[in-house]
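> here is a sequence with its predicted model. Questions after.
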Amino acid sequence: MQAIKSDDFEHIGDDTAVTVVDFWADWCGPCKMQTPVLKDLDQEYGDQVKFASLDVDQNQELAQALGIMSIPSLVVFKNGKPTEKVVGYHPKAALKKYLDQKLTEVQAS
């Protein structure tokens, strides 16, 4: 899972059909629980889904521009465009089901 900053964000998701950006902060307990889940999914999905993380404390303007009000928040990008936001901690099985659905949608379009 790649750590990114606002400067890297302009081209996020341009190279993959589905990209998930984790908006987090070091002081956030649920964020610390979500990170290992996302790292596992990153390894499982390989090139199918790109995962990135963005520290909201270090990138406040971008977080505000994307309407991040609670963390952890996962923003899903399809073909470089933000399409959905998933807020709060989610177990691996739930995120896997969700991502499988997003990949099916992309393949169908």
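On my side now, so go ahead.

> now the nearest residue to Trp24 once chain neighbours are set aside, what are its backbone angles?
Nearest residue to Trp24, sequence neighbours excluded (CB to CB, 6 or more residues apart in numbering): Cys31, at 3.8 Å. Backbone N, C-alpha and C define where each C-beta goes, glycine included. The phi/psi pair for Cys31 (degrees, to the nearest 10) reads phi -60, psi -40.

> how about the helices of this protein, start to end?
29-45, 60-65, 92-108 (DSSP state H).

> ok so, going back, can you get me a residue count around the residue nearest to Trp24?
Cys31 has 20 neighbours, counted by other CB atoms under 10 Å.

> and it, how close does it get to Lys5?
According to CB to CB, to the nearest Å, Cys31 and Lys5 sit 17 Å apart.

> do Ala25 as well
14 Å.

> who has more neighbours, these two?
More crowded of Ala25 and Lys5, by other CB under 10 Å: Ala25, with 15 against 11.

> over to that one: give its phi and psi.
phi -150, psi 150.

> what's near enough to touch it?
Residues in contact with Ala25 (CB atoms under 8 Å, 6 or more residues apart in numbering) are 31, 55-57, 71.
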